[in-house]
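In: Return a 3D structure for these sequence lines:
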Amino acid sequence: MAVYVDDAVTPWRGQRWAHLMADTLDELHAFAAALGIPRRAFQDKTSGAHYDLPAPLREQALQLGAVAISRHRDREQMRVVIARAKAQGRGQAP
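Out: Just a heads-up that it's a prediction; the model follows:
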């Protein structure tokens with residue numbers, strides 16, 4: 001099982017943001033807690049279960065073992081991770 005973080009490319013509030021996703025919701029929540037992210041920051045949407053990370057926190061996630069995935073270089077893997085996150089957001093995946 002793994003936790004993934006995509007490229008920090010989404011601009012918002014003067015920063016670039018990434019998405020933290022995982023193979024399971026338990027992994028996702030545990031990893032977010034290790035980063036000090038409160039559970040209330042969890043995005044449980046049909047667009048995909050995830051946490052938003054500012055670029056500096058993305059770097060910390062990578063140091064803690066998150067797998068970096070790129071929407072540009074790792075397209076097939078990204079599709080799989082996003083599909084899993086969307087299923088989790090709909091309550092259809094573990």
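In: name the helices or strands packed onto the longest helix belonging to the chain?
Out: For the chain, the longest helix by residue count, based on DSSP state H, is helix 75-89. Judged by 3 or more C-beta pairs under 8 Å, 6 or more residues apart in numbering; DSSP states H and E, helix 75-89 is in contact with strand 15-22. Every C-beta, even on glycine, is put in place using the N, C-alpha and C of the backbone.
In: Please state the mean pLDDT value computed over the helix or strand following the strand it packs on.
Out: Downstream of strand 15-22, the next assigned helix or strand under DSSP states H and E is helix 25-34. The average pLDDT within helix 25-34 is 95.
In: what does stretch 70-89 give?
Out: Stretch 70-89 shows a mean pLDDT of 78.
In: got the buried residues for that stretch?
Out: Asp74, Met78, Val81, Ile82, Arg84, Ala85, Lys86, Gln88, Gly89 (16 or more other C-beta atoms under 10 Å).
In: who touches it?
Out: Residues outside stretch 70-89 that contact it (C-beta atoms under 8 Å, 6 or more residues apart in numbering) are 4, 6-7, 9, 21, 23-25, 28, 43-50, 69, 93-94.
In: For Tyr51, which non-adjacent residue is spatially closest?
Out: Leu20 (4.3 Å; C-beta to C-beta, 6 or more residues apart in numbering).
In: Surely that neighbour touches Phe31?
Out: Yes - assessed by C-beta atoms under 8 Å, Leu20 is found in contact with Phe31 at 6.8 Å.
In: so the most centrally placed residue in the chain bridges to which residues?
Out: The chain has Leu20 as the residue nearest its centroid, 1.5 Å off, counting by C-alpha atoms, centre = their mean. Beta-bridge partners for Leu20, by DSSP bridges, are Val5, Tyr51.
In: List the residues that contact it.
Out: Shown in contact with Leu20 (C-beta under 8 Å, 6+ apart): 3-5, 28, 31-32, 35, 37, 50-53, 61, 66.
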